[in-house]
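[1] Structure for the following, please:
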Amino acid sequence: MAIKPSQIQAILQNKRKYFRTFESNNLSALDTYQAAWKTLCQASANELQDWLTAHPGNVGARPLATPLAANAQDQPGIHHSNLQWGSREQSLQWVKEQLEGVTTFAVDGSQIFSSKDLSLPIALVQVGWFENPHTSEADYTKDIELDILTPHDLKAYDPATPAERIVNLRRFQMETERLVSYIEQVRDPDHCLVFFDGSLVATFADAYEEEARKAYVKALLKLVRASEHHRVPLVGYVDTSYAHDLTTLLELYVGIEGMPAVHDAQMLSRFMAWGDCTPIFQCDRTGILADYKEQADRITFTYLKTNQGYPARIEMPRWMHEAGITHQVLHWVRAETIVGGGYPYAIETADQTAVLQTNDRQIFFRILQDWAHSEDLQLRWSRKMMSKLRRR
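    Model prediction:
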């Protein structure tokens, strides 16, 4: 039965005060952080450096260059791109100039997980990738790779380990492994950009058990190390970031009370126009970075305005900053988002390549059913799942 709009409207109206209170408090907190950002950006190089020296660890973010000079009183600490065009055609011409001969590569994943609807614990994980050489001499490449997780892989007899988490980890590993294998065979690293769809700092895994936590760190360390060793530029693109690295820095530097509802991207957004970015910072948060060994202080980030929403978080290995290539790489990212309508075209296409549709799910289960029958395995479907398959 369809939802009843009248009920939704009545409940929203009845609880409107809670939403208004939240919005009012959030706006007040936002003003506080934005004022603190201006204070930070107006600090001299000596002031900021002395403070950073007195606070050697876990301040959220460390600027890699000081001072954080203000370009204007109302837009402090922002590097303006000054990229404006009179037409779509002109912007695409700029894109061509930036990306001509530059190979971009991205990977994304998808999965089919039967959960408790099927008597046989099984999952299918697929990753798809997209390579675009941006030259008339070579075509783009799209392809997929898949894996099937068995009852052994899913630890079917260990109720303490959620099977869905195992599937998500395997997908993550396949994505990073494909990126690493690609990086290792790049012939012209100076004209290549590899996109990772997500954060290079696996803070989300802090809440996981030790085995899973270590597995995520191992996968990301291998990726970051491969980028540094082979000198292939790598960007971790986070379209919707709720990170608090800069707000943590402001809380400590200015001495304001922490307000978790405000995050970095939200705080910065009002200062930024399309194409603008912040200075480069070293990520210096508590938690999982302690497991990153020699890379613990070598993950950097900036915020880049790529659409009308909050700025995206761009994470990069520190070697790129040391090599002086981040300016050019960010231009490549800007160009990709122009083609993709506010989101990197390479990642968007990799996602379309990897995604498993309803029809793929049906094909997989039909093949599984035929195979199980040939192997004389007892395969039982829940009534709920059978009903869904019939209706869809």
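[2] any chance you could map the strands in this protein?
    Residue ranges of the strands in the chain, as given by DSSP state E, are 60-63, 103-113, 123-132, 141-149, 192-196, 234-238, 281-284, 299-304, 312-317.
[3] Of those, give the one that comes closest to L249.
    L249 lies closest to strand 60-63 among the strands of the chain, at 4.2 Å (C-beta to C-beta). The way it works is simple: take the backbone N, C-alpha and C, and place the C-beta from them, glycine included.
[4] Packing partners of that closest one?
    Secondary-structure packing of strand 60-63 (3 or more C-beta pairs under 8 Å, 6 or more residues apart in numbering; DSSP states H and E): helix 45-54, helix 245-254, strand 281-284.
[5] And the helices in the stretch 201-350 of the chain?
    Assigned by DSSP state H, counting those that start in this stretch, the stretch 201-350 of the chain shows helices spanning 210-230, 245-254, 264-269, 318-322, 326-339, 345-354.
[6] can you tell which of the helices and strands packed on strand 60-63 is closest to L193?
    strand 281-284 (20.2 Å).
[7] for the record, mean pLDDT for the closest one?
    When pLDDT is averaged over strand 281-284, the result is 97.
[8] what's the distance between it and the middle of its chain?
    16 Å (C-alpha atoms, centre = their mean, to the nearest Å).
[9] returning to that earlier point: could the helices of the stretch 201-350 of the chain go into CSV alongside mean pLDDT, mean neighbour count and distance to S110?
    Converted to CSV, these look like this (pLDDT from 0 to 100; neighbours: other C-beta atoms under 10 Å; distance: least, C-beta to C-beta, whole Å):
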stretch, mean pLDDT, mean neighbour count, distance to S110
helix 210-230, 96, 18, 18
helix 245-254, 96, 21, 30
helix 264-269, 96, 22, 26
helix 318-322, 98, 18, 29
helix 326-339, 97, 21, 21
helix 345-354, 95, 22, 5
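[10] Quick check: which of the ones you listed is nearest to L52?
    Closest to L52 of these is helix 245-254 (C-beta to C-beta; 9.2 Å).
[11] Dump the helices and strands packed on strand 60-63 to TSV, plus distance to D31.
    Converted to TSV, the helices and strands packed on strand 60-63 look like this (distance: least, C-beta to C-beta, whole Å):
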stretch	distance to D31
helix 45-54	23
helix 245-254	13
strand 281-284	22
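[12] who wins for proximity to K218 among these?
    Nearest of the helices and strands packed on strand 60-63 (C-beta to C-beta): strand 281-284, 18.4 Å.
[13] Now the closest one: buried residues?
    281-284 (16 or more other C-beta atoms under 10 Å).
[14] returning to that earlier point: of the helices and strands packed on strand 60-63, give the one that comes closest to I338.
    Closest to I338 of these, according to C-beta to C-beta: strand 281-284, at 25.0 Å.
[15] Nearest to A54 among the strands of the chain would be which one?
    strand 60-63 (12.7 Å).
[16] Can you tell me what sits against the closest one?
    48, 52, 244-249, 251-252, 279-285, 301 (C-beta atoms under 8 Å, 6 or more residues apart in numbering).
[17] Same list (the helices of the stretch 201-350 of the chain) but as CSV, adding distance to Q90.
    Below are those laid out as CSV (distance: least, C-beta to C-beta, whole Å):
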stretch, distance to Q90
helix 210-230, 33
helix 245-254, 33
helix 264-269, 26
helix 318-322, 29
helix 326-339, 11
helix 345-354, 18
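[18] so V339 sits right up against V333, yeah?
    No: in this structure V339 lies outside contact range of V333 using C-beta atoms under 8 Å: 11.1 Å.
[19] Among the helices of the stretch 201-350 of the chain, which comes closest to Q93?
    That would be helix 326-339 among the helices of the stretch 201-350 of the chain, by C-beta to C-beta, at 10.6 Å.
[20] what residue ranges in the chain score low on pLDDT?
    Low-confidence regions of the chain, defined here as pLDDT under 70, cover residues 1, 17-26, 70-75, 114-119, 156-160, 375-392.
[21] Point me to the residue sitting closest to the centre of it.
    Central residue check for the chain by C-alpha atoms, centre = their mean: the C-alpha nearest the mean position is that of G198, 2.0 Å away.
[22] shouldn't Q34 be in contact with R270?
    Yes: the criterion here is C-beta under 8 Å, and Q34 meets it with R270 at 6.8 Å.
[23] how does this protein divide up, domain by domain?
    By the assignment in automatic domain parsing, the chain contains the domains 45-354, 358-391.
[24] wait, which of those domains is closest to P5?
    Using C-beta to C-beta, the nearest of those to P5 is domain 358-391, at 23.2 Å.
[25] Next one: L92 from W85, what distance?
    Per C-beta to C-beta, to the nearest Å, L92 is found 9 Å from W85.
[26] Over to L268?
    To W85, L268 is 24 Å away according to C-beta to C-beta.
[27] what's the answer for D190, then?
    Note on D190: its distance to W85, by C-beta to C-beta, is 27 Å.
[28] same deal with E177?
    On the measure of C-beta to C-beta, E177 and W85 end up 39 Å apart.
[29] ok, these two, which is more surrounded?
    E177 (16 against 12; other C-beta atoms under 10 Å).
[30] residues touching that one, list them.
    219, 222.
[31] and stretch 222-239, how far apart are its ends?
    23 Å (C-alpha to C-alpha, to the nearest Å).
[32] Off-centre distance for it?
    The answer for stretch 222-239 is 13 Å, by C-alpha atoms, centre = their mean.
[33] now stretch 64-84
    24 Å.
[34] just to revisit the earlier point, can you tell me which of the strands of the chain is nearest to I78?
    The nearest among the strands of the chain, by C-beta to C-beta, is strand 299-304 at 9.2 Å.
[35] in that closest one, what's buried?
    299-304.
[36] Tabulate the residues you listed (JSON lines), appending distance to S227.
    Compiled in JSON lines, the buried residues of strand 299-304 are given as follows (distance: C-beta to C-beta, whole Å):
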{"residue": "I299", "distance to S227": "11"}
{"residue": "T300", "distance to S227": "12"}
{"residue": "F301", "distance to S227": "15"}
{"residue": "T302", "distance to S227": "17"}
{"residue": "Y303", "distance to S227": "21"}
{"residue": "L304", "distance to S227": "19"}
